[in-house]
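Asks: Sequence and predicted structure, then a few things I'm wondering about:
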Amino acid sequence: GQNIDQPTEMTATEGAIVQINCTYQTSGFNGLFWYQQHAGEAPTFLSYNVLDGLEEKGRFSSFLSRSKGYSYLLLKELQMKDSASYLCAVRPAHTPLVFGKGTRLSVIA
Amino acid sequence: GAGVSQSPRYKVAKRGQDVALRCDPISGHVSLFWYQQALGQGPEFLTYFQNEAQLDKSGLPSDRFFAERPEGSVSTLKIQRTQQEDSAVYLCASTSGADGELFFGEGSRLTVL
């Protein structure tokens, strides 16, 4: 079966750094994605990791360790507009993405 | 259009009614996916098309759910005899290849009374 775990909720302060963790157990692995979803809107793509290591894109970075079945999304210099749900998704082999339940991030002043 | 378009954005149905949800993917995108997202949850896979072929329908929760993509472009998700547990947002996504990032539409929010 496929299992993806991430915290349900997190709160962080504007201007700070927050790390959202994701652990997964899947039959096969062909990449891990992070999506951002504001309430009532479509998920939008943030990052993709298929090899171990850190991928940096502006204020957002994503890390992957395949041997540990672990990823994190790092958000720097938090802004109020970063308040959203962050979805971790894994592609097991060449099959459709499997999503976690999402982490709802609240950024406070 | 520039993005994935879904209609209707909101649908209220009485229990037992049939509903049809439409998805217009990004032009030229070969692969099309349907996901169901309950409130406060992540998207759950329903079914997947490559062109007009339905390659995986393992996520459809019952035989009341049916999806088609007859000409390899627009897709319709049909739910027959709707039940309250069908209330959710139905997300459509497309991608140019089977393994690329998914581009999502804004979803169709179905409420069954």
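Replies: It's in.
Asks: quick one, what contacts residue 96?
Replies: Looking at chain A here, since you left the chain open. Contacts here follow CB atoms under 8 Å, 6 or more residues apart in numbering or on different chains; on that basis A:Pro96 touches B:Phe33, B:Phe45, B:Tyr48, B:Asp56, B:Gly59. The way it works is simple: take the backbone N, C-alpha and C, and place the C-beta from them, glycine included.
Asks: The chain in question should be chain B.
Replies: By CB under 8 Å, 6+ apart, the contact set of B:Ser96 is B:Ile26, B:Gly28, B:His29, B:Val30, B:Ser31.
Asks: Next, work out how far apart it and B:Gln50 are.
Replies: B:Ser96 sits at a distance of 11 Å from B:Gln50 (criterion: CB to CB, to the nearest Å).
Asks: Name the residues contacting each of the two.
Replies: Applying CB under 8 Å, 6+ apart, one finds that B:Ser96 and B:Gln50 are jointly contacted by B:Val30, B:Ser31.
Asks: So for B:Gly1, what's the pLDDT?
Replies: Looking at B:Gly1, its pLDDT reads 54.
Asks: follow-up on the earlier one: what about chain A: which of the contacts of A:Pro96 touch it?
Replies: Taking CB under 8 Å from any CB of the partner chain as the test, chain A is in contact with B:Phe33, B:Phe45, B:Tyr48, B:Asp56, B:Gly59 out of the contacts of A:Pro96.
Asks: Do I have it right that the second one meets B:Lys57?
Replies: What it means is B:Phe45. No. In this structure B:Phe45 lies outside contact range of B:Lys57 using CB atoms under 8 Å: 9.9 Å.
Asks: Looking at these two, which is more packed in?
Replies: Taking other CB atoms under 10 Å in any protein chain shown, B:Phe45 and B:Lys57 do not tie; B:Phe45 has more neighbours (20 against 15).
Asks: Quick one: name the residues of chain B near chain A.
Replies: Residues of chain B lying near chain A (CB under 8 Å from any CB): B:4, B:33, B:35, B:40-45, B:48, B:56, B:59, B:91, B:98-99, B:101-107.
Asks: what about 6 Å?
Replies: B:Phe33, B:Gln41, B:Gly42, B:Pro43, B:Phe45, B:Tyr48, B:Glu101, B:Phe104, B:Gly105, B:Glu106 (CB under 6 Å from any CB of the partner chain).
Asks: need the contact list for B:Thr82.
Replies: For B:Thr82, the contact set (CB atoms under 6 Å, 6 or more residues apart in numbering or on different chains) comprises B:Ala13, B:Gln17, B:Val19, B:Val112.
Asks: Kindly recompute the last result at 10 Å.
Replies: Going by CB atoms under 10 Å, 6 or more residues apart in numbering or on different chains, B:Thr82 touches B:11, B:13-19, B:64, B:110-113.
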